[in-house]
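J.: Quick one, what's the 3D model for this:
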Amino acid sequence: MILIKCKVCKGKAIVQARKELDVTMSQLYCSCKDPECGHTFVMDLCFSHTLSPSAQQHKDVVVSFLRALPDTERQMMLASL
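T.: Just a heads-up that it's a prediction; the model follows:
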């Protein structure tokens, strides 16, 4: 469960639903948990930047590099592993 701060009363709000706009952007449909406030709102959640690249990306780079090598160099490279 994700808790969000209500911008009206500064209390806790909860994400009720999420609408994915694309792989880097979603809209979060939120509602304040304080019954005296009851504010409902939409927040945008977006990807900002990478802190540590995925290990899967490293694999893709290596595979692309190996495919770009001539056959003889690729075989020598793989044999040295």
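
J.: Mind pulling the model confidence for Phe24?
T.: Just so we're on the same page, residue 24 is Thr rather than Phe. Each residue has a pLDDT score; the one for Thr24 is 95.

J.: neighbours around it, how many?
T.: Under the neighbour criterion other Cβ atoms under 10 Å, Thr24 is assigned a count of 10. Every C-beta, even on glycine, is put in place using the N, C-alpha and C of the backbone.

J.: ok, it - contacts?
T.: Residues near Thr24 by Cβ atoms under 8 Å, 6 or more residues apart in numbering: 46-47.

J.: Check Ser26 too.
T.: Contacts for Ser26 (Cβ under 8 Å, 6+ apart) come out as 18-20, 44-46.

J.: repeat that with 10 Å
T.: Listed by Cβ atoms under 10 Å, 6 or more residues apart in numbering, the contact set of Ser26 reads 15, 18-20, 43-47.

J.: residue ranges with poor pLDDT in the chain?
T.: Along the chain, the parts satisfying pLDDT under 70 run over 1.

J.: can you give me the helices in it?
T.: In the chain, the segments counted as helices under DSSP state H are 55-68, 71-79.

J.: Send me the longest one as CSV with only the CA atoms.
T.: Listed in CSV are the C-alpha atoms of helix 55-68, where the atom choice follows Å, rounded to 0.1, in the frame of the first residue of the first chain:
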residue,chain,number,x,y,z
ALA,A,55,22.1,-6.0,-15.0
GLN,A,56,20.0,-7.0,-18.0
GLN,A,57,21.2,-4.0,-19.9
HIS,A,58,24.8,-5.1,-19.4
LYS,A,59,23.9,-8.5,-21.0
ASP,A,60,22.3,-6.7,-24.0
VAL,A,61,25.4,-4.6,-24.5
VAL,A,62,27.7,-7.6,-24.4
VAL,A,63,25.5,-9.6,-26.8
SER,A,64,25.4,-6.7,-29.3
PHE,A,65,29.2,-6.3,-29.1
LEU,A,66,29.8,-10.0,-29.7
ARG,A,67,27.4,-10.0,-32.7
ALA,A,68,29.2,-7.1,-34.2
